[in-house]
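Peer 1: what's the 3D shape of this:
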Amino acid sequence: MSYVNTIEACQFNDINFNALTELGQPCLIKGAIAESPLVRKGRQSLSSAQEYLQAFYAQKPMLVYQCEAEAKGRFFYNAQFDGMNFTTRFAQLDDFFNDIAQNQLSHGDTSFYIGSAKLNEYFPGVLEANLPIHQSNLSGYSAQAGIWLGNKTTAVTHFDTSNNIAACMLGRRRFTLFPPEQSGNLYPGPLEPTPGGQVLSMVDISAPDFARYPKAREALKYAVVVDLEPGDILVYPALWWHQVEALDDFNVMINYWWNSTPNYVDDPMTTLLHGMLSLRGRPQSEKDAWQALFQYYVFEDKQQARQHLPTHTWGALRDLDELSARVLRNKVLKKINR
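Peer 2: Okay, the predicted model is just below:
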């Protein structure tokens with residue numbers, strides 16, 4: 001197991017989150033938002049925190065995920081892998097709160113959560129009051145904010161294609177993270193369908209089946225386990241695998257996703273899928289050759305591929321801007337739709 005970089009006594013608006021992700025490691029910032037209004041309400045009582053959220057709620061039904069006791073809060077596939085082990089429905093926020101309260105009163109083991117709901121759409125004003133982020137905190141890039149609510153649940157190990165700021169507002173959370181190099185040892189699941197849109201690891205890292213997934217032993221050597229208290233922030237780069245456990249009877253997290261690239265840069269997952277279409281079925285010798293070309297044109301220093309050429313011949317080798325990205329995208333689409 002590895003240890004997380006930790007920063008103490010740092011205020012939210014003093015942090016350059018983009019610079020932190022450039023370190024290539026998760027970073028825990030203790031108490032950075034300990035005095036935000038929602039965290040303070042949570043310290044007073046659960047009802048105070050829920051009333052605070054209700055005051056901002058836009059009265060729009062929210063998508064609720066629910067799984068029964070046998071799932072043990074782990075939202076995943078069913079045993080046959082032909083569906084999911086949970087149900088979904090839309091509900092008003094007060095009904096969601098009541099369901100969790102009734103489940104707790106009856107000592108039930110049903111798990112409920114609302115995940116990745118757009119914060120400004122469902123709770124306008126909460127972001128500005130609690131986590132007002134500025135583009136200067138992200139080296140000029142923009143971010144999308146979401147909110148996560150629920151009782152004791154587990155978001156199974158997965159990766160996101162964006163950098164992440166996870167702010168623990170109420171209840172404790174445990175993140176278990178793995179670097180991208182451990183992808184093969186985590187046994188990625190189907191590309192689709194997926195429970196939440198992201199590829200999941202088939203390994204239950206809380207109770208790994210090493211007979212079925214022997215390489216998981218190696219992955220666990222690189223696990224970074226981080227426990228968050230209300231007021232703490234965890235920052236980690238895109239493509240890091242992570243399991244997220246909400247540990248208390250009621251939990252709230254706010255997160256920001258962002259990419260350190262302009263909006264006109266395409267999603268690399270599209271490139272990966274096209275690679276399956278165009279490269280995966282070729283002989284190994286060809287794939288090795290294409291790997292060398294990708295290394296040269298894509299992954300190594302961009303100057304290397306053009307410095308020996310007259311600038312008027314650079315074409316697609318030029319630095320992208322919005323116009324050149326549009327031209328290149330149209331060229332790619334024409335080739336795909338040949």
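Peer 1: In the stretch 51-200 of the chain, mark out all the strands, start to finish.
Peer 2: Remark: strands assigned in the stretch 51-200 of the chain by DSSP state E, counting those that start in this stretch are 62-67, 74-75, 87-91, 111-118, 144-150, 153-158, 163-170, 173-178.
Peer 1: With distance to N13 as new columns, can these be given to me in TSV?
Peer 2: Glycine gets a C-beta too; all of them are placed from N, C-alpha and C. Converted to TSV, those look like this (distance: least, C-beta to C-beta, whole Å):
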stretch	distance to N13
strand 62-67	29
strand 74-75	34
strand 87-91	34
strand 111-118	22
strand 144-150	15
strand 153-158	28
strand 163-170	13
strand 173-178	22
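Peer 1: now those strands as CSV including mean neighbour count?
Peer 2: Output for these, formatted as CSV (neighbours: other C-beta atoms under 10 Å):
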stretch, mean neighbour count
strand 62-67, 20
strand 74-75, 20
strand 87-91, 12
strand 111-118, 20
strand 144-150, 22
strand 153-158, 24
strand 163-170, 25
strand 173-178, 22
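Peer 1: and the one helix or strand E286 maps to, C-alpha only, in PDB?
Peer 2: Using DSSP states H and E, E286 sits within helix 284-294. Output of helix 284-294 as PDB, limited to C-alpha atoms (Å, rounded to 0.1, in the frame of the first residue of the first chain):
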ATOM      1  CA  GLN A 284       1.200  -8.200 -34.000                       C
ATOM      2  CA  SER A 285       4.100  -7.000 -36.200                       C
ATOM      3  CA  GLU A 286       1.800  -4.300 -37.600                       C
ATOM      4  CA  LYS A 287       0.600  -3.300 -34.200                       C
ATOM      5  CA  ASP A 288       4.100  -3.000 -33.000                       C
ATOM      6  CA  ALA A 289       4.900  -0.700 -35.900                       C
ATOM      7  CA  TRP A 290       1.800   1.500 -35.300                       C
ATOM      8  CA  GLN A 291       2.800   1.700 -31.600                       C
ATOM      9  CA  ALA A 292       6.100   3.200 -32.600                       C
ATOM     10  CA  LEU A 293       4.300   5.700 -34.900                       C
ATOM     11  CA  PHE A 294       1.900   6.700 -32.100                       C
END
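Peer 1: Buried residues of the next helix or strand after that helix, list them for me.
Peer 2: Of the helices and strands lying after helix 284-294 in sequence (DSSP H and E), the nearest is helix 322-336. Within helix 322-336, the residues that count as buried by 16 or more other C-beta atoms under 10 Å are L328.
Peer 1: One more: stretch 100-112?
Peer 2: I100, A101, N103, T110, S111, F112.
Peer 1: same deal with stretch 232-250?
Peer 2: Of the residues in stretch 232-250, 232-238, 240-246, 250 count as buried by neighbour count, 16+ other C-beta under 10 Å.
Peer 1: now do stretch 189-205
Peer 2: Across stretch 189-205, burial judged by 16+ other C-beta under 10 Å covers G189, P195, Q198, V199, L200, S201, M202, V203, D204, I205.
Peer 1: low pLDDT regions in this protein?
Peer 2: 9 (pLDDT under 70).
Peer 1: Chain neighbours aside, what residue packs nearest to R329?
Peer 2: D266 (6.9 Å; C-beta to C-beta, 6 or more residues apart in numbering).
Peer 1: And stretch 26-39, end to end?
Peer 2: This stretch, stretch 26-39, spans 22 Å end to end (C-alpha to C-alpha, to the nearest Å).
Peer 1: now stretch 154-168
Peer 2: With C-alpha to C-alpha, one end of stretch 154-168 sits 15 Å from the other.
Peer 1: still on that earlier bit, looking at the buried residues of stretch 232-250, which are in helices?
Peer 2: Nothing among the buried residues of stretch 232-250 maps onto helices, per DSSP state H.
Peer 1: Among those, name the ones in strands.
Peer 2: I233, L234, V235, Y236, W241, H242, Q243, V244, E245, A246 (DSSP state E).
Peer 1: mind listing what N13 touches?
Peer 2: P132, H134, N137 (C-beta atoms under 8 Å, 6 or more residues apart in numbering).
Peer 1: which among these end up buried?
Peer 2: N137.
Peer 1: Spatially nearest residue to T176 (excluding sequence neighbours)?
Peer 2: Q243 is the one closest to T176 (C-beta to C-beta, 6+ apart), at 4.5 Å.
Peer 1: How about N259?
Peer 2: S162 (5.2 Å).
Peer 1: what's the spacing between the one you found and N330?
Peer 2: Distance of S162 to N330, given as C-beta to C-beta, to the nearest Å: 25 Å.
Peer 1: Double-check H242 against R173; I have them as touching.
Peer 2: No - applying C-beta atoms under 8 Å, one finds H242 not in contact with R173, separated by 10.8 Å.
Peer 1: Max pairwise distance over the buried residues of stretch 100-112: which two?
Peer 2: A101 and S111 (14.1 Å; C-beta to C-beta).
Peer 1: Looking at the buried residues of stretch 232-250, which is nearest L323?
Peer 2: Nearest member of the buried residues of stretch 232-250 to L323, counting by C-beta to C-beta, is A238, at 25.9 Å.
Peer 1: residues contacting that closest one?
Peer 2: T21, F159, D160, T161, S162, N163, N164, N259.
Peer 1: from those, which single one is nearest A305?
Peer 2: N259 (23.1 Å).
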